[in-house]
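Participant: what follows is a protein structure lacking sequence information:
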């Protein structure tokens, strides 16, 4: 996980940083599931892991969409085509 953090901080491009953040999110989901197994409460922790994974996915898609619009010269966050 430390190597992912280094890639996120020092990534040469914004896309390397975005992938690093995504991998850290996936590792976080796996950690939540492992904690659920350790505490014998997998039913509760799986819900937390799903919510965390969904938030991670939505965040990465949102940043990717923003970067795509910024690359095309339209950095506004509103309005669709």
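Facilitator: It's in. Quick caveat, the model's predicted, so the values are computed rather than measured.

Participant: CA atoms for contacts and neighbours, from now on please.
Facilitator: Noted.

Participant: okay, now the unreliable bits of the chain?
Facilitator: By pLDDT under 70, the weakly predicted segments of the chain are 75-81.

Participant: can you pull out the helices in it?
Facilitator: Counting by DSSP state H, the chain has these helices, from start to end: 2-10, 14-38, 42-71.

Participant: could you look over the ones you listed and pick the most buried one?
Facilitator: Mean neighbour count, computed with mean count of other Cα atoms under 10 Å, is highest for helix 14-38 among the helices of the chain, reaching a mean of 17.

Participant: can you spell out which helices and strands pack onto that helix?
Facilitator: Judged by 3 or more Cα pairs under 8 Å, 6 or more residues apart in numbering; DSSP states H and E, helix 14-38 is in contact with helix 2-10, helix 42-71.

Participant: show me the contact partners of that helix.
Facilitator: Residues outside helix 14-38 that contact it (Cα atoms under 8 Å, 6 or more residues apart in numbering): 1, 4-5, 7-11, 42-46, 48-50, 52-53, 56-57, 60.

Participant: tilt between it and helix 42-71?
Facilitator: Relative orientation of helix 14-38 versus helix 42-71 (axes from the mean of the first three to the mean of the last three Cα atoms, to 10 degrees): 170 degrees.
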